[in-house]
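> Here is my input; please provide its structure:
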Amino acid sequence: MAGGAAGLALVGSPAFAARPSLPSKRPALADRNFTSRSVEREIARVSARIGDPKLRWMFGNCYPNTLDTTVRMSTIDGAPDAFVITGDIPCLWLRDSSAQVRPYLHLAAQDPALRTLFRGLIARQARSILIDPYANAFMQDPAARTNLSWALHDQTEMKPGVAERKWEIDSLCYPMRLAHGYWQATRDPAPFDARWAAAARLSIATYREQQRKDGRGPYRFLRASTRNIETMPLEGWGNPARANGLIQSGFRPSDDACQYPYLIPANLFAVTTLRELAVVASEAAHDTALATEATALATEVEAALVAHGRMRLRDGREVWAYEVDGFGNAIFMDDANVPSLSALAYMGCVAPTDPLWRRTADAAWSDANPYFFKGAKAEGIGGPHVGLGQVWPMSLIIRALSASDDATIRACLRMIRDTDADTGFIHEAVDQDDPAKFTRSWFAWANGLFGELIVHLAATRPSLLAASL
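The predicted structure is shown next:
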């Protein structure tokens, strides 16, 4: 157990969770996978600022969920290794693992245990990328074959150590984002060694390969499934696209297949994180060549986004498209998984006041988006992954993180609070009319994102957080 249990007894079971009607849902202190004194202090500090009792209880359950239940610490060659599972799926997703630990970044500078965790995860992600940059999920044992039932017979190049091999642009963005966030928070150069640089170079090379300027590249994927979103069309190569400088993606961050290969929010995220990679390469690794390579690709993709990434809705509004094919075809929709069009400001891809993004986000939260659902108990964005009428609380959290007015944030907080089915945790999706019907009772990314929202509100809108909902 990283960090140790000593000195944590007083904060291990916070007093705010002691009400008989709202018992803490955290594991017993001795059963937690990872403990951090600074995280425990943060739970107590922020909880004291939350006016709504149920919201306070949910924060106490959700904020430490990644540390309590999903972190598996070890050492490899004497250096820390952190394998972070998604929750109910015991594998490491590059995207999820990065997002799961993000809410603790601001505490890392003063917490040696957290720094060990971040160093271990950055190293684990680099080793994973070097196994296969096209994979989205990995096994803890790099010699093991996948044990995911749905991936056992995939027609793609499955290597040992790979749990699932769905090519998603954001799978390589998130380790860049994590590296930059850690460097900015700590100024600790320790994780940024030759292995990290090799993984970063391979990530850039993979992005260039998937610009498909000189043929379709090496990646293809087929899966036998009754759900078309689980496999790629045209013998696994994906639908046709005209090369234009954008990066092609086989799958969305939902793990659903793209309809058109140029996923715009993922390309925007790639531009942003490539520039963040350049900062880390230059300042922490002192690798000017890597920084130059990352910046050059970001500049090229950004120009292609300006030329090809926008579309007009039926009412004439210009917005960011969700996907395009380079032939002039585009679709407008949004999916709750991040990167999404709704999350562009949260991800740092655009300014929160950017008019193009504001129009796009407003359209995404309306019937212009076929995956915007509004029912008796919940409204928000879902996606094809779970089905129609299923609202993802993640979309409500992103909306609250991106909003500029108290009324919108308050409405999102109420809906998040009232759709947990009294479990104290955030789910993948909830039925718009009956939140007792939900998917994934243990989904650490969503729990952490909710915790991140509450910490953010404690810092930026304390009066809102303190008031009754």
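> where does the protein dip in pLDDT?
Residue ranges of the chain with pLDDT under 70: 1-20.
> which SS class is Met158?
In three-state terms, and counting by DSSP: H, G, I helix; E, B strand; the rest coil, Met158 is coil.
> State the helix or strand in which the spatially closest residue to Ala108 that is not a sequence neighbour lies.
Spatially, and ignoring its direct neighbours in sequence, Ala108 is nearest to Leu114 (4.4 Å; CB to CB, 6 or more residues apart in numbering). (C-beta placed from N, C-alpha, C; glycine too.) According to DSSP states H and E, Leu114 maps onto helix 112-131.
> packing partners for that helix?
On a contact count with 3 or more CB pairs under 8 Å, 6 or more residues apart in numbering; DSSP states H and E, helix 112-131 meets helix 37-47, strand 71-76, strand 79-84, helix 94-101, helix 169-186, helix 194-209.
> Helix or strand next in line after it, which one?
Helix 112-131 is succeeded, C-terminally, by strand 137-138 (DSSP H and E).
> Can you tell me the SS state at the residue lying closest to Pro90 once chain neighbours are set aside?
The shortest distance from Pro90 to any non-neighbouring residue, by CB to CB, 6+ apart, is to Gln140 (7.9 Å). Classification of Gln140 by three-state DSSP places it in coil.
> residues touching Gln140, list them.
Gln140 sits next to Arg72, Phe83, Pro90, Cys91, Leu92 when contact means CB atoms under 8 Å, 6 or more residues apart in numbering.
> give me that answer again for 10 Å
Arg72, Ser74, Asp81, Phe83, Ile85, Pro90, Cys91, Leu92, Arg124, Gly161, Ala163 (CB atoms under 10 Å, 6 or more residues apart in numbering).
> Among these, give me the pair with the biggest separation.
Comparing every pair within these by CB to CB identifies Ser74 and Ala163 as the most remote, at 17.8 Å.
> Relative to Gly375, how far out is His427?
As judged by CB to CB, to the nearest Å, His427 and Gly375 stand 15 Å apart.
> before we move on, the earlier item: and Ser74 and Ala163? Which one has more around it.
Per other CB atoms under 10 Å, whichever of Ser74 and Ala163 has more neighbours is Ala163, with 23 against 11.
> The more buried one contacts Pro90, correct?
Yes. Between Ala163 and Pro90 a contact is recorded at 8.9 Å, counting by CB atoms under 10 Å.
> which residues are common contacts for those two?
Here Ala163 and Pro90 share the contacting residues Met139, Gln140, Asn147, Leu148, scored by CB under 10 Å, 6+ apart.
> Now the last one: closest residue in space that isn't a chain neighbour?
Across the structure, with CB to CB, 6+ apart as the measure, the residue nearest Leu148 apart from its sequence neighbours is Ala163 (5.5 Å).
> Give me the three-state assignment for that neighbour.
Relying on three-state DSSP, one would call Ala163 strand.
> got it, and the one 4 residues further on?
Judged by three-state DSSP, the three-state class of Trp167 is coil.
> who's in contact with it?
132-136, 156, 206, 210, 217, 219-221, 232, 238, 248-251, 258.
> again with Lys54
Ser21, Leu22, Arg417, Asp418, Asp420, Asp422, Gly424, Leu469.
> ok, now Lys374?
Taking CB under 10 Å, 6+ apart, we find Lys374 in contact with Trp365, Ser366, Asp367, Gly380, Gly389, Val391, Gln432.
> Does Asp422 touch Pro435 like I think?
Yes. Between Asp422 and Pro435 there is a contact under CB under 10 Å: 9.2 Å.
> Could you name the helices and strands sitting against the host helix or strand of Thr272?
Assigned by DSSP H and E, Thr272 belongs to helix 264-283. Using 3 or more CB pairs under 10 Å, 6 or more residues apart in numbering; DSSP states H and E, the elements in contact with helix 264-283 are helix 169-186, helix 194-209, helix 288-308, strand 318-320, strand 323-324, helix 355-364.
> now with 6 Å?
If you count contacts as 3 or more CB pairs under 6 Å, 6 or more residues apart in numbering; DSSP states H and E, helix 264-283 packs onto helix 169-186, helix 288-308.
> can you give me the angle the last one makes with helix 264-283?
Computed by axes from the mean of the first three to the mean of the last three CA atoms, to 10 degrees, the angle separating helix 288-308 from helix 264-283 equals 160 degrees.
> re the thing from before, number of nearby residues for the residue nearest to Ala108?
27.
> I'd like the numbering to begin with 758 instead of 1 from here.
Yes, from this point I'll number from 758; that puts the last item at Leu871.
> Quickly note the distance from it to Val841.
For Leu871, the distance to Val841 - CB to CB - is 13 Å.
> cool, and Leu979?
If you go by CB to CB, the gap between Leu979 and Val841 works out to 29 Å.
> Tell me which of these two has more neighbours.
The neighbour count for Leu979 versus Val841, taken as other CB under 10 Å, is higher for Val841 (27 against 17).
> Next up, the contacts around the more buried one.
Counting by CB atoms under 6 Å, 6 or more residues apart in numbering, Val841 makes contact with Thr827, Val828, Leu849, Ser854, Gln857.
> give me every residue that touches the third one.
Translated: Leu849. Residues in contact with Leu849, defined by CB under 6 Å, 6+ apart, are Phe840, Val841, Phe895.
> In CSV, list those residues along with distance to Thr943.
Conversion of these to CSV gives the following (distance: CB to CB, whole Å):
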residue, distance to Thr943
Phe840, 21
Val841, 18
Phe895, 25
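> which among those gets closest to Pro784?
Of all the contacts of Leu849, Val841 has the smallest distance to Pro784: 16.2 Å, by CB to CB.
> Identify the residue nearest that closest one in space, chain neighbours excluded?
Nearest residue to Val841, sequence neighbours excluded (CB to CB, 6+ apart): Ser854, at 4.0 Å.
> neighbours of the one you found, just the number please.
Other residues within reach of Ser854 by the criterion other CB under 10 Å amount to 30.
> what does Met1151 give?
What Met1151 shows, counting by other CB under 10 Å, is a neighbour count of 28.
> Is it located within a helix, as I assumed?
Yes. Under three-state DSSP, Met1151 falls within a helix.
> how much space between it and Trp1114?
For Met1151, the distance to Trp1114 equals 18 Å [CB to CB].
> What sits closest to Arg973 if chain neighbours are left out?
Trp994 (5.4 Å).
> returning to that earlier point: show residues contacting the helix holding Thr1029.
Counting by CB under 6 Å, 6+ apart, 926-927, 930, 933-934, 936-937, 940, 957, 1003-1004, 1006, 1044, 1047-1048, 1051-1052, 1054-1055, 1058-1059, 1062, 1066, 1077-1078, 1096-1098, 1104-1106 sit against helix 1021-1040.
> returning to that earlier point: can I get the contacts of Val841 in CSV including distance to Ser1159?
Conversion of the contacts of Val841 to CSV gives the following (distance: CB to CB, whole Å):
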residue, distance to Ser1159
Thr827, 26
Val828, 28
Leu849, 28
Ser854, 23
Gln857, 20
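> of the residues you listed, closest to Asp1091?
Checking the contacts of Val841 against Asp1091 with CB to CB, the nearest one is Gln857 at 22.4 Å.
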